[in-house]
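Trainee: Have a look; sequence and predicted model below, questions after that.
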Amino acid sequence: MSLYQDRLLTEGIRIIEKSTPSDQFHADYAELSFEQALTKRTKLAELRYQIAPVLKHFQQLFTVFCGLLSILFFILGASSVSQLLVNQSNSQINFFWAIVLFLAPNLLSLIIWLFVFFKPGALSSSWLANVSLSLISLLDKLLHKAHDQHPYYTSLFRYYFEHQFGAYFGRARLSLVSHLWWTCYLLGATLSLLLVLATHQVDFIWQTTILSESVFTQITQLLTTPPHFLGITVPNANDVAQASIGAINSLSSAQQSRVSWANLLIFSLTVYALLPRVMLMLFFKHRVKSKKRQFQVNFSLPYYVQLKGQLQPVSNRSFISDPDSEGRDSVDLADRHDLVRNSRFPTDALPLAIELNSALLSKVRGQIDPIYSVSLINVIDGQTQQQAISLISDSNVNDLALYVDIKRVPDRGWLSFVKKCNTDPSMMIYLVILGEVILLEDERASLRFKDWIEMAAQAGIDASRITYKQINEVESE
Amino acid sequence: MNKQLLSVAVVGHANTGKTSLIRTLLRDASFGEVADKAGTTRHVEGAEIRVDNNQNLVIYDTPGLEDSINLLQVIDGQSHQNDGVDRLLSFIQHEVNFPELSQELKVLKALLSNDIIFYVVDVREPILGKYRDELKILSYAAKPIIPVLNFIDSPGADVAAWQAQLARLNLHAFVSFDSVVFRFSDELKIYQKMQTLLAHREQQLAQLIEQRKQQWQEREVAAQQLIAQLLVEAAACRFKVDNNEQSIEVYSEKLQSRIRQLERQTLTQLLALYQFKQDDIDQHDLPIQEGQWELDLFSSDNLQEFGVKATSNFVKGAGVGVAVDLVAAGMTLGAAALAGGVAGVLWGVKQRYYDEIQAKVTGHRYLCADDLTLQVLWARQLSLLLALQQRGHASMTKVSLATVQSDKIELPKKWGKWLRRARQHPQWLASNNSDQPLLADKKQLIIEQITTALAAISEGKVAD
């Protein structure tokens, strides 16, 4: 399968999956570039979607369509010549009228094609594209009645032919098609002309009402220059004068004149009409091939950006490198909001604040220093921790009152310190959690309160010795 | 294949947002566990950020350094060697003696085994002794450290105090980052700081930066295309109704439902694009007002477009005429060319306006979304895109579309033209089941124009 077909399949899969790429096609895409990964995914997805036969069918349909119309145009070309030449009752052909009929429409259509070709977007959404599409649809219905078995046939049909006649391919493809048809038409005409001239004897004449003989002489000279260089016998000025109606040819020169006029007619049709069309057809055939080679999937489409994220995610794996073997210490706690209004604490307890900010500390100090016999110590680092621990061991206190801010997250550092303080099993530790909000009204504070209760439980502080106090309560006590 | 790995250990105190930072860098809301409490992360968990086929950046999440005061005392007490690394190694050798510091031990091992350390700081916190001790322990590892100041946009953030404190410890190369209110430029600064500190990995990091920028841009363009497509399809959405109240009411509801469905589809795609989930958004229904659009064949816009079409079809029609002449061997050359031209025009008119003219003749109307509805739709998508771009993957709050005020959003200059074009092409929305030629290239052209306008709006916001 060529790269173009691979890419077309990828696009077909996009049409089927619409806006969201399926994540069903698992494979190891990590070591590949995105395009390679996409090709691999396309191959996997194709196994499910089976698009290739449908696309192949469209391709064949297009070939049949072009082929049938080519044959039709060939027949038209051939029949137009026979209609023109065979039906002449007096076996005379008006040479210049024949030239005009063969060359002028071809030239006019070339001019129209040039105009449309260089007008951006004109050819890709032209009537030719729409008519072709309608005819292909009709042909499809006539030839393949079982085609709608594929569930996405219609969308794929629409995509395929839009792709063929659209902005990327349209100009080259439709140019190729139109030059191919004209080639067939002119080929039919040329072959038919050869056949007619081989089997009929005709005399070539010219007629005019408003032009002079010199005009025809000049046109003939213009037309005969190239074949003359190639050594082909063509009419000269004398032949032009003799071909005028009423001129009398001698029998010997008449046959020579017929051959030279026939040569010129065949040469004109072949070189001035057929050859340019063949060359243009070959050029656009090459162009279509080159467009196929250059065809790129538009990776900036949202579908592909999403797919890239799927196939090659930013984070392609996560892993545990140092697992936790202990598990989290959890304490089963019921709703402990009843602890909010717990009992008063003994006044002989040693008060310790842990990591209170200066504003809160000053408020608390103002209120509780008169209550306790010892001044409040704020533990904020290793040094103050050591001071507090020394004080506890030196003063043989029975009770310890810890003041914490509900905004602080209780951590193992706090737990470790409290455990160090709790050297005497008989010592009672009380916990006062300070906050600014009404606990039941603030969800975050409520959750943090629960964290403190859990941590206190791990430190061996009984729930009956925990209380929450609003700062203004502290101030008013 | 042996990949070139660059590894980062993300460390810090408990609940400073280490896992949130990694989630945001990975664009992966499923990484690790995030909760507003200490000790949520208990493993050392790693994840790879792909740079290319041969290079990855590995980021390790670590448990919080919760008991740093105790840890420092133990480390310093355990060994009196001058070298910090030796002190840490000595502690690790005697790890069995300190089971209560098992979590901290994991962090120390991560410090020693990775190339660079991100020290995450919650700038809402006061500077306490335990944080100073953490930094001292980190300094023992002799690894480059990038302090990441997290939650800088939160109330109570004291960035200046933390900057001053870090400077005192010779940590000047810090970055500001908010894992909840995300800014892509902040992420790039992290990698740029890494480049400065890891000179021997400069090339690898340059590639990483380039790759991240490309991904960001690709995602943004794709998102803008989705919004543009939504606008075009919503404007193209229409229903043919009988000219009576009952029919209009029934189809108004259908129209609203269709527009909502289109918006939901886009929303889902945008969320997928930015790797968020449906739960991350608090969606309010789009306040659709029924819009009524009737074909005005003689509107200036219509006439202009019709004029262009007519000329074009005439030329193409003349081509048909030529072909007819050939068949008839030139007998009707001029007449057929002219007839072909006229046929081409009529073909174009039929293709384009048949439905509308038929509706006009039979007394039907077309219902479509009105300008205001589309304006609201546009405003909501702009707002959503901005919210998604600034949302960290650890954010717990939902993005809300309810507060969008559409009248405060300036509309692009070609807004009206886009809407008119889209309304004239019902075939651009598949559910309209229009049999008109698809003209997909033309639709794509409008989508590209709208995408360009969105890019300009986005650049303006970045510049602001």
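Mentor: In hand now; what should we look at? What you see is a predicted model; the values in this text were computed from it and never measured.

Trainee: Just the closest residue of chain A to chain B, please.
Mentor: Here chain A gets closest to chain B at one residue, A:Asp381, 2.1 Å apart by C-beta to the nearest C-beta. All C-beta spots, glycine's among them, are computed from the backbone N, C-alpha and C.

Trainee: residues touching that residue, list them.
Mentor: Contact analysis of A:Asp381 by C-beta atoms under 8 Å, 6 or more residues apart in numbering or on different chains lists B:Ile69, B:Leu128, B:Gly129, B:Lys130, B:Arg132, B:Asp133.

Trainee: and the gap between the second one and chain A?
Mentor: Applying C-beta to the nearest C-beta, to the nearest Å, one obtains 6 Å for the distance of B:Leu128 from chain A.

Trainee: now, which of the contacts of A:Asp381 sits nearest chain A?
Mentor: Checking the contacts of A:Asp381 against chain A with C-beta to the nearest C-beta, the nearest one is B:Gly129 at 2.1 Å.

Trainee: Was I right to think that closest one contacts A:Gln383?
Mentor: Yes - the criterion here is C-beta atoms under 8 Å, and B:Gly129 meets it with A:Gln383 at 7.4 Å.

Trainee: any chance you could map the strands in chain B?
Mentor: B:4-12, B:44-50, B:55-61, B:116-122, B:145-150, B:175-176, B:238-242, B:281-282, B:292-293, B:364-368, B:399-400 (DSSP state E).

Trainee: For chain A, find the nearest of the ones you listed.
Mentor: Checking these against chain A by C-beta to the nearest C-beta gives strand B:44-50 as the closest, at 3.5 Å.

Trainee: quick check: angle from that closest one to strand B:55-61?
Mentor: If you take axes from the mean of the first three to the mean of the last three C-alpha atoms, to 10 degrees, strand B:44-50 sits at 150 degrees to strand B:55-61.

Trainee: List the buried residues in strand B:44-50.
Mentor: Neighbour counts using 16 or more other C-beta atoms under 10 Å in any protein chain shown place B:Val44, B:Glu45, B:Gly46, B:Ala47, B:Glu48, B:Ile49, B:Arg50 of strand B:44-50 among the buried residues.

Trainee: quick one: pLDDT of residue 199?
Mentor: All of this is about chain A. Note on A:Thr199: pLDDT of 84.

Trainee: that's the other chain; I wanted chain B
Mentor: For B:Ala199, pLDDT reads 89.

Trainee: what ranges do the helices span in the stretch 351-477 of chain A?
Mentor: Ranges of helices within the stretch 351-477 of chain A are A:358-368, A:382-395, A:412-421, A:443-458, A:471-476, based on DSSP state H, counting those that start in this stretch.

Trainee: rewinding a little: arrange the strands of chain B in a markdown table, one row each, with mean pLDDT and distance to A:Arg173 as further columns.
Mentor: Formatted as a markdown table, the strands of chain B follow (pLDDT from 0 to 100; distance: least, C-beta to C-beta, whole Å):
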| stretch | mean pLDDT | distance to A:Arg173 |
| --- | --- | --- |
| strand B:4-12 | 88 | 47 |
| strand B:44-50 | 86 | 39 |
| strand B:55-61 | 87 | 43 |
| strand B:116-122 | 93 | 55 |
| strand B:145-150 | 92 | 56 |
| strand B:175-176 | 88 | 54 |
| strand B:238-242 | 84 | 32 |
| strand B:281-282 | 74 | 44 |
| strand B:292-293 | 41 | 36 |
| strand B:364-368 | 79 | 35 |
| strand B:399-400 | 72 | 46 |
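
Trainee: possible to save those as JSON lines with distance to A:Ala198?
Mentor: Shown next, in JSON lines, are the strands of chain B (distance: least, C-beta to C-beta, whole Å):
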{"stretch": "strand B:4-12", "distance to A:Ala198": "78"}
{"stretch": "strand B:44-50", "distance to A:Ala198": "73"}
{"stretch": "strand B:55-61", "distance to A:Ala198": "75"}
{"stretch": "strand B:116-122", "distance to A:Ala198": "90"}
{"stretch": "strand B:145-150", "distance to A:Ala198": "91"}
{"stretch": "strand B:175-176", "distance to A:Ala198": "90"}
{"stretch": "strand B:238-242", "distance to A:Ala198": "63"}
{"stretch": "strand B:281-282", "distance to A:Ala198": "81"}
{"stretch": "strand B:292-293", "distance to A:Ala198": "67"}
{"stretch": "strand B:364-368", "distance to A:Ala198": "64"}
{"stretch": "strand B:399-400", "distance to A:Ala198": "83"}
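
Trainee: Out of those strands, flag the one nearest A:Gln306.
Mentor: strand B:44-50 (16.4 Å; C-beta to C-beta).

Trainee: Quickly run through the sheet partners of the closest one, with directions.
Mentor: Sheet partners assigned to strand B:44-50 using DSSP bridges are listed as strand A:315-322 (antiparallel), strand B:55-61 (antiparallel).

Trainee: more neighbours, B:Gly129 and A:Gln383?
Mentor: B:Gly129 (19 against 11; other C-beta atoms under 10 Å in any protein chain shown).

Trainee: For A:Phe157, give me its contacts.
Mentor: Taking C-beta under 8 Å, 6+ apart, we find A:Phe157 in contact with A:Phe58, A:Ser137, A:Asp140.

Trainee: my read: A:Trp181 touches A:Ile71, true?
Mentor: No - using C-beta under 8 Å, A:Trp181 is not in contact with A:Ile71, being 10.3 Å away.

Trainee: Between the two, tell me which one has more neighbours.
Mentor: Higher neighbour count among A:Trp181 and A:Ile71: A:Trp181, with 21 against 12, using other C-beta under 10 Å.

Trainee: And the more buried one, what's its pLDDT?
Mentor: pLDDT for A:Trp181: 90.

Trainee: need the contact list for it.
Mentor: A:Leu69, A:Ser70, A:Phe73.

Trainee: So which of those belong to strands?
Mentor: Per DSSP E, the contacts of A:Trp181 never map to strands.

Trainee: of all those, which comes closest to B:Gln225?
Mentor: Closest to B:Gln225, out of all of those and judged by C-beta to C-beta, is A:Leu69, at 37.6 Å.

Trainee: A:Gln367 is nearest to which of the strands of chain B?
Mentor: Closest among these, once you apply C-beta to C-beta, is strand B:116-122, at 28.9 Å.

Trainee: Now do the closest one: which elements does it pack against?
Mentor: Contacts defined by 3 or more C-beta pairs under 8 Å, 6 or more residues apart in numbering or on different chains; DSSP states H and E place strand B:116-122 against strand B:4-12, helix B:18-26, helix B:129-140, strand B:145-150, helix B:184-197.

Trainee: and among those, the most buried is which?
Mentor: Burial of these is given as mean neighbour count (mean count of other C-beta atoms under 10 Å in any protein chain shown); helix B:18-26 ranks first at a mean of 26.

Trainee: can you count the residues close to the closest residue to chain A within the stretch 151-300 of chain B?
Mentor: Proximity of the stretch 151-300 of chain B to chain A (C-beta to the nearest C-beta) peaks at B:Ala222, 3.9 Å away. The number of residues packed near B:Ala222 is 24, by other C-beta under 10 Å.

Trainee: The one 5 residues further on too?
Mentor: Counted with other C-beta under 10 Å, the burial measure for B:Ile227 works out to 24 neighbours.

Trainee: can I see the domain layout of chain B?
Mentor: B:4-197, B:217-463 (automatic domain parsing).

Trainee: can you tell me which of these the model trusts least?
Mentor: Looking at those, the lowest mean pLDDT belongs to domain B:217-463 (a mean of 72).

Trainee: ok, back up a step: A:Thr42 is nearest to which of the strands of chain B?
Mentor: Between A:Thr42 and the strands of chain B, the shortest gap by C-beta to C-beta is with strand B:44-50, which sits at 21.1 Å.

Trainee: rewinding a little: adding distance to B:Ala235, write the helices and strands packed on strand B:116-122 out as JSON lines.
Mentor: As requested, those are exported to JSON lines (distance: least, C-beta to C-beta, whole Å):
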{"stretch": "strand B:4-12", "distance to B:Ala235": "47"}
{"stretch": "helix B:18-26", "distance to B:Ala235": "36"}
{"stretch": "helix B:129-140", "distance to B:Ala235": "56"}
{"stretch": "strand B:145-150", "distance to B:Ala235": "43"}
{"stretch": "helix B:184-197", "distance to B:Ala235": "31"}
